[in-house]
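Asks: Need coordinates for the following:
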Amino acid sequence: MNFKVGDEVVVITGSDKGKTGKVIKTLKSENKVIVEGVRVIKKHQKPTGQETGGIVEREAPIDASNVMLMDPKTKKRTRVGHTTDSKTGKKIRIAKKSNEKID
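Replies: Model prediction:
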């Protein structure tokens, strides 16, 4: 999976198609990500010691194949490539469309 927490992504399929948001959490074992403002569901929650009960809105996981990374330069969706940094020798992610480094 090519996503990290804080990445800006675009939903490419499903009922939330076209929406953008930041990755809040990655679930590597399930190949899913939780994106801010995407696939918002209502959950009936019992009251606990710290929180009150009621109907709570929260983001549900979405499959990682249904989102694509946003290009930092063009602000459009792009595929992810990998290369090594010439200075440090570390593996870095790059956007295929603009060849820009992804932080």
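Asks: just checking, residue 77 touches residue 70?
Replies: Yes. Residue 77 is within contact range of residue 70, at 6.2 Å (criterion: Cβ atoms under 8 Å). Just so you know, the C-beta spots here come from the backbone N, C-alpha and C atoms, and that holds for glycine as well.
Asks: Give me the spatial nearest neighbour of the residue most central in space within the chain, chain neighbours excluded.
Replies: The chain has residue 23 as the residue nearest its centroid, 3.3 Å off, counting by Cα atoms, centre = their mean. Leaving aside its chain neighbours, residue 23 sits nearest to residue 7 (4.7 Å; criterion: Cβ to Cβ, 6 or more residues apart in numbering).
Asks: Near that neighbour, how many other residues are there?
Replies: Using other Cβ atoms under 10 Å, the number of residues around residue 7 comes to 20.
Asks: Tell me, how many residues neighbour the residue nearest to residue 73 when sequence neighbours are not counted?
Replies: Spatial nearest neighbour of residue 73, chain neighbours left out: residue 98 (4.1 Å); criterion: Cβ to Cβ, 6+ apart. If you count neighbours by other Cβ under 10 Å, residue 98 ends up with 13.
Asks: And residue 84, by the same measure?
Replies: For residue 84, using other Cβ under 10 Å, the count is 10.
Asks: For it, give its distance to residue 48.
Replies: With the distance defined as Cβ to Cβ, to the nearest Å, residue 84 ends up 48 Å from residue 48.
Asks: again, but for residue 2
Replies: With distances taken as Cβ to Cβ, residue 2 is found 36 Å from residue 48.
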